[in-house]
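[1] quick one: sequence plus predicted model below, questions after.
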Number of protein chains: 2
Amino acid sequence: MDLWFTEEDSNAIRYGYKIKDVLFEGQSEFQKIVVLETEAYGKMLLIDGCVMLTEQDEFVYHEMISHIPACLHKDPKRVVVIGGGDGGTVRELLKHPGIEEIVLCEIDAMVVDECKKFFPGVACGLDDPRVKVKIGDGIAYMAEQTNSVDIAIIDSTDPIGPGEGLFTKAFYSSVAKALRPGGLMVAQSESPWYPPAILNRIHHNIGGGFENIMPYMGAVPTYPRGLWSWTLASNDKLNLKNFDETRFSEISQNLKYLTLGGVHGAFSLPPFYAAKLEKKPNL
Amino acid sequence: MDLWFTEEDSNAIRYGYKIKDVLFEGQSEFQKIVVLETEAYGKMLLIDGCVMLTEQDEFVYHEMISHIPACLHKDPKRVVVIGGGDGGTVRELLKHPGIEEIVLCEIDAMVVDECKKFFPGVACGLDDPRVKVKIGDGIAYMAEQTNSVDIAIIDSTDPIGPGEGLFTKAFYSSVAKALRPGGLMVAQSESPWYPPAILNRIHHNIGGGFENIMPYMGAVPTYPRGLWSWTLASNDKLNLKNFDETRFSEISQNLKYLTLGGVHGAFSLPPFYAAKLEKKPNL
């Protein structure tokens, strides 16, 4: 029997994956969680029917969301990851010896538990002594922080469902207040190929909390349309000249996607994408 | 009624597109040609069931395959495009005022005819006085050329079917002989996410005809796995330092994908891709 899982994008595109096995199906308090064994990409994590990660390409997303803020910040000591219960972002952050504490605040314990079971290569950093895993609401957690975070990483699902509150202006303002001087936020910000309304809603809201924003891109084969974006934000100036090439070169031999040339390419927005954005990035 | 077209990749992944209309279906002497009106990407050209281009994202592929060799060559006058009957590569090449002659050698007249009809925005350059359209075998055409071509662009379908001969060592050797000193070839070379065997067969064969090769990448949402590659080849040294930034900046305001930073990023191969290639690129 041929078994296929299909993800729909805007009722116009479908991404189908041939399945060897359904390894886990569970309904948590917040969402439906499924782990599949796929033919093409190894194990795959679905949340509410959307592909979150696969074993074979997860490194793209996780390297992009972690090392760029880590090397752009002058000297990050304390990093907070909101969402990201799979542990991939934490695993990458741990490659930076200067980072002293990583707080992972994930709302759904089932994500953490099942990822530890099925994706040990992704979740491997969650038991590190530098990491504190908190199961709880990221919005409430950030509201409690004032002037104590160097980098906040919003490693969320899409702007529908439990992740919705992580895309609001109120939340971004609360993140801004949590940051120390020179602090940075980065959030996943959907595909540059999505309609302008979706991209601008995110940018408009981030721009409501922060003075400066800078989107960048990377190619994730199992995310819709293959090209993805993340957006950096700060109330201090953002400048790619501050990217610490020395610190990057010290960890780059352990990376599978990101290169120094690739970092610069990631910020060089194609005109088709830049043209969609109402709030022009200030690089 | 919901109508969907589905493309299969390695019997493991499916890409489905919701269809508004089937605009054309024809069987030429060489292949099956279909034009669809899709919900997500406008008109779409299929050859033997594979997506060749769509109205909304074709600029990525065509900018990547044309402007990089055009700006890397010192002063290209005569360019030959093998395949590329849709005209997109020719349209981009025409943006370079220094190019005096572009020969398009496409084996299948039906591709040219139907693209002129259904994709006027892509095929628009084919009637330009600088362009010569030849309907015929690209292998035979290149065999007739000696020391007369500055840039050869192999804008082919995949290495199965009528395009297969365009991926052989014998063909690449014949292209090398056709080039003038300082001449370049570029060929589409499949997705960096494909298995090493596919990528190395192409690289091994190009390496049989040319001393120096340099792959580069771009994100095409309607090609399998979203990230695509092209490979430059020359018997002269290839060096990104020779990329003519002045000539590029003169045309870049007419581009939708490529930026100067993006050019550098495109050549900065992610380690997961570089590790697959047996013949290491000599950049």
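    Sure, I can see it.
[2] can you get me the start-to-end distance on stretch A:69-87?
    For stretch A:69-87, the first-to-last residue distance is 17 Å (C-alpha to C-alpha, to the nearest Å).
[3] typed the wrong thing, it's stretch A:136-149
    Span of stretch A:136-149 from end to end, C-alpha to C-alpha: 18 Å.
[4] now swap in stretch A:238-247 and tell me
    Across stretch A:238-247, first to last residue, C-alpha to C-alpha, it's 18 Å.
[5] report the buried residues of that stretch.
    Of all the residues in stretch A:238-247, those buried under the rule 16 or more other C-beta atoms under 10 Å in any protein chain shown are A:238, A:240, A:243, A:247. Backbone N, C-alpha and C define where each C-beta goes, glycine included.
[6] show me the contacts for the second one.
    Residues counted as contacts of A:L240 (C-beta atoms under 8 Å, 6 or more residues apart in numbering or on different chains) are A:72, A:214, A:263-264, A:267, A:283.
[7] flag the least confident of the residues you listed.
    On pLDDT alone, A:L283 ranks lowest of the contacts of A:L240, at 52.
[8] returning to that earlier point: can you add secondary structure and give the contacts of A:L240 back as JSON lines?
    Shown next, in JSON lines, are the contacts of A:L240 (DSSP: H, G, I helix; E, B strand; the rest coil):
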{"residue": "A:L72", "secondary structure": "helix"}
{"residue": "A:M214", "secondary structure": "strand"}
{"residue": "A:V263", "secondary structure": "helix"}
{"residue": "A:H264", "secondary structure": "helix"}
{"residue": "A:F267", "secondary structure": "helix"}
{"residue": "A:L283", "secondary structure": "coil"}
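[9] and of these, the nearest to chain B?
    Of all these, chain B sits closest to A:H264, with 5.3 Å by C-beta to the nearest C-beta.
[10] how much space between the closest one and B:Y273?
    Relative to B:Y273, A:H264 is positioned 17 Å away (criterion: C-beta to C-beta, to the nearest Å).
[11] returning to that earlier point: hmm, which two among the buried residues of stretch A:238-247 are most spread apart?
    A:L238 and A:R247 (17.2 Å; C-beta to C-beta).
[12] just the strands in chain A please.
    A:3-9, A:13-27, A:32-38, A:42-47, A:50-54, A:78-83, A:101-106, A:131-135, A:149-155, A:179-188, A:212-219, A:227-234 (DSSP state E).
[13] could you dump the ones you listed into a markdown table with mean neighbour count and distance to chain B added?
    Shown next, in a markdown table, are these (neighbours: other C-beta atoms under 10 Å in any protein chain shown; distance: least, C-beta to the nearest C-beta, whole Å):
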| stretch | mean neighbour count | distance to chain B |
| --- | --- | --- |
| strand A:3-9 | 15 | 7 |
| strand A:13-27 | 16 | 3 |
| strand A:32-38 | 19 | 7 |
| strand A:42-47 | 22 | 11 |
| strand A:50-54 | 22 | 11 |
| strand A:78-83 | 24 | 23 |
| strand A:101-106 | 22 | 24 |
| strand A:131-135 | 16 | 25 |
| strand A:149-155 | 26 | 21 |
| strand A:179-188 | 22 | 16 |
| strand A:212-219 | 23 | 4 |
| strand A:227-234 | 25 | 4 |
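[14] for those strands, give me TSV that also has distance to B:R130.
    Below are the strands of chain A laid out as TSV (distance: least, C-beta to C-beta, whole Å):
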stretch	distance to B:R130
strand A:3-9	40
strand A:13-27	37
strand A:32-38	48
strand A:42-47	49
strand A:50-54	46
strand A:78-83	54
strand A:101-106	58
strand A:131-135	61
strand A:149-155	51
strand A:179-188	45
strand A:212-219	34
strand A:227-234	33
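[15] for B:G182, find the nearest of those strands.
    Closest among these, using C-beta to C-beta: strand A:212-219, at 31.8 Å.
[16] what about the residue of the stretch 101-250 of chain A found nearest chain B, neighbour count?
    Among the residues of the stretch 101-250 of chain A, A:G226 lies closest to chain B, at 1.8 Å counting by C-beta to the nearest C-beta. A:G226 has 25 neighbouring residues, counting by other C-beta atoms under 10 Å in any protein chain shown.
[17] now A:G88: how far from chain B?
    Taking C-beta to the nearest C-beta, to the nearest Å as the measure, A:G88 and chain B are separated by 15 Å.
[18] in chain A, which helix or strand is least confident?
    helix A:196-209 (a mean of 93; mean pLDDT, DSSP states H and E).
[19] next, the angle strand A:149-155 makes with it.
    160 degrees (axes from the mean of the first three to the mean of the last three C-alpha atoms, to 10 degrees).
[20] residues in contact with helix A:196-209?
    Here helix A:196-209 has contacts from A:159, A:167-169, A:171-176, A:185, A:187, A:189-190, A:192, A:213, A:215, A:229, A:231, A:233, A:276-279, using C-beta under 8 Å, 6+ apart.
[21] restricted to buried residues, select those residues in ChimeraX.
    Here is the ChimeraX command that selects the buried residues among these (16+ other C-beta under 10 Å):
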select /A:159,167,168,171,172,174,175,176,185,187,189,190,192,213,215,229,231,233,276,277
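[22] ok, which stretches of the stretch 51-200 of chain A are helices?
    A:58-72, A:88-93, A:109-118, A:120-123, A:138-144, A:169-178, A:196-209 (DSSP state H, counting those that start in this stretch).
[23] return the last one as CSV; C-alpha atoms alone will do.
    The reference is to helix A:196-209. Provided in CSV are the C-alpha atoms of helix A:196-209 (Å, rounded to 0.1, in the frame of the first residue of the first chain):
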residue,chain,number,x,y,z
PRO,A,196,2.3,40.8,0.5
ALA,A,197,-0.6,41.0,3.0
ILE,A,198,0.8,38.1,5.1
LEU,A,199,4.4,39.4,5.0
ASN,A,200,3.4,43.0,5.8
ARG,A,201,1.2,42.0,8.7
ILE,A,202,4.2,40.4,10.3
HIS,A,203,6.6,43.3,9.4
HIS,A,204,4.1,45.9,10.5
ASN,A,205,3.7,44.2,13.9
ILE,A,206,7.4,43.7,14.4
GLY,A,207,7.9,47.3,13.3
GLY,A,208,5.4,48.3,16.0
GLY,A,209,7.7,46.9,18.7
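[24] leaving out the residues flanking it, which one is nearest to the spatially most central residue of chain A?
    In chain A, the residue lying closest to the centroid (C-alpha atoms, centre = their mean) is A:D155, at 3.5 Å. Leaving out its chain neighbours, the residue that sits closest to A:D155 by C-beta to C-beta, 6 or more residues apart in numbering or on different chains is A:G84, at 3.3 Å.
[25] what's the local residue count around the one you found?
    Neighbours of A:G84 (other C-beta under 10 Å): 26.
[26] next one: phi and psi at it?
    phi 60, psi 30 (degrees, to the nearest 10).
[27] repeat for the one 3 residues further on
    In this entry, A:G87 is assigned phi and psi values of phi 90, psi 0 (degrees, to the nearest 10).
[28] and it, what's its pLDDT?
    Looking at A:G87, its pLDDT reads 98.
[29] mind listing what it touches?
    Counted by C-beta under 8 Å, 6+ apart, A:G87 has contacts A:104, A:112, A:115-116, A:119, A:122-126.
[30] make it 7 Å
    A:115, A:122-126 (C-beta atoms under 7 Å, 6 or more residues apart in numbering or on different chains).
[31] buried ones among the residues you listed?
    A:115, A:122-123, A:125-126.
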